[in-house]
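A.B. asks: pasted the sequence and its predicted model underneath.
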Amino acid sequence: MKLKNVILFILIAMMATSCMMYKGYYDMGLQEVERPENAEEQYGESKIVTLEEDGKSKISYEDELIKIVWLPLSTQFSFNLKNKTDHSIKIIWDEAVYVDENGSSGRVMHSGVKYTDRNNPQPPTIVVKNANIDDIIVPTDNIYYVSGQYGGWQTKPLLPNKANTEEELNTLTQSYIDKKVQVVLPIEIEDTVNEYIFKFKVDDFKKL
């Protein structure tokens with residue numbers, strides 16, 4: 001191999017190494033769900049169940065009014081919501097909130113909302129009786145725009161999940177174990193807004 005080719009090979013290897021990132025994902029569990037006062041009298045008993053589907057951990061919450069299955073992902077919360085009542089219900093998006101691990105709260109956006117409209121009023125989502133919807137929740141504070149040829153809209157992870165070295169990744173991610181985040185989801189049923197507060201806890205971090 002010629003010297004020029006050797007030098008080129010070394011440079012490419014060095015660039016590849018410098019660009020290498022170690023990353024992974026957090027396992028979150030649903031610790032509890034806070035409902036309005038006298039909720040048990042109005043909505044019956046509730047239950048939380050962890051499910052394993054296609055190698056992914058999902059968390060199901062259910063009472064007599066709704067059933068919601070959560071899938072926490074790196075940048076968003078994906079969910080399926082079933083309306084168990086005989087009335088249409090509404091998700092009031094302009095009152096929905098994400099509370100991060102530091103206790104800071106901010107508005108959210110969901111599927112179908114353009115990034116440029118993320119801070120504008122969002123109409124409620126209507127779920128008719130005995131029907132269900134699939135949607136996502138993304139904190140609007142985590143969305144930003146990068147200019148330039150390779151820029152565009154980007155979404156920060158809910159929690160830092162990558163580093164330059166494996167040691168840095170371990171140190172970084174372990175500091176988030178047992179941290180808590182919350183999703184406040186106001187649901188209107190028969191003209192009454194019921195504020196559900198879903199409290200998630202970081203149980204573990206797994207490397208990819």
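C.D. replies: Thanks, I have it.

A.B. asks: correct me, but V181 touches E101?
C.D. replies: Yes. Here V181 reaches E101: they are 5.6 Å apart, a contact under Cβ atoms under 8 Å. Bear in mind the C-beta positions are built from the backbone N, C-alpha and C, glycine included.

A.B. asks: out of those two, which sits in the more crowded spot?
C.D. replies: Between V181 and E101, counted using other Cβ atoms under 10 Å, the more crowded position is V181 (23 against 16).

A.B. asks: doesn't I136 belong to a strand?
C.D. replies: Yes. With DSSP: H, G, I helix; E, B strand; the rest coil as the criterion, I136 is located in a strand.

A.B. asks: from N170, how far out is it?
C.D. replies: Distance from I136 to N170, counting by Cβ to Cβ, to the nearest Å: 29 Å.

A.B. asks: what's stretch 120-137 in contact with?
C.D. replies: 67, 76-94, 96, 98, 108-111, 113, 183, 185, 188 (Cβ atoms under 8 Å, 6 or more residues apart in numbering).

A.B. asks: let me fix that, I meant to ask about stretch 75-89.
C.D. replies: For stretch 75-89, using Cβ under 8 Å, 6+ apart, the contacting residues are 62, 64-72, 91, 126-138, 142, 155-158, 183, 187-190.

A.B. asks: give the buried subset of these as a ChimeraX selection command.
C.D. replies: Here is the ChimeraX selection string for the buried members of the contacts of stretch 75-89, based on 16 or more other Cβ atoms under 10 Å:
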select :62,65,66,67,68,69,70,71,72,91,127,133,135,136,137,138,142,158,183,187,188,189
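
A.B. asks: restricted to strands, list the contacts of stretch 75-89.
C.D. replies: Mapping those onto strands (DSSP state E) picks out 62, 66-72, 91, 126-127, 132-138, 155, 183, 187-189.
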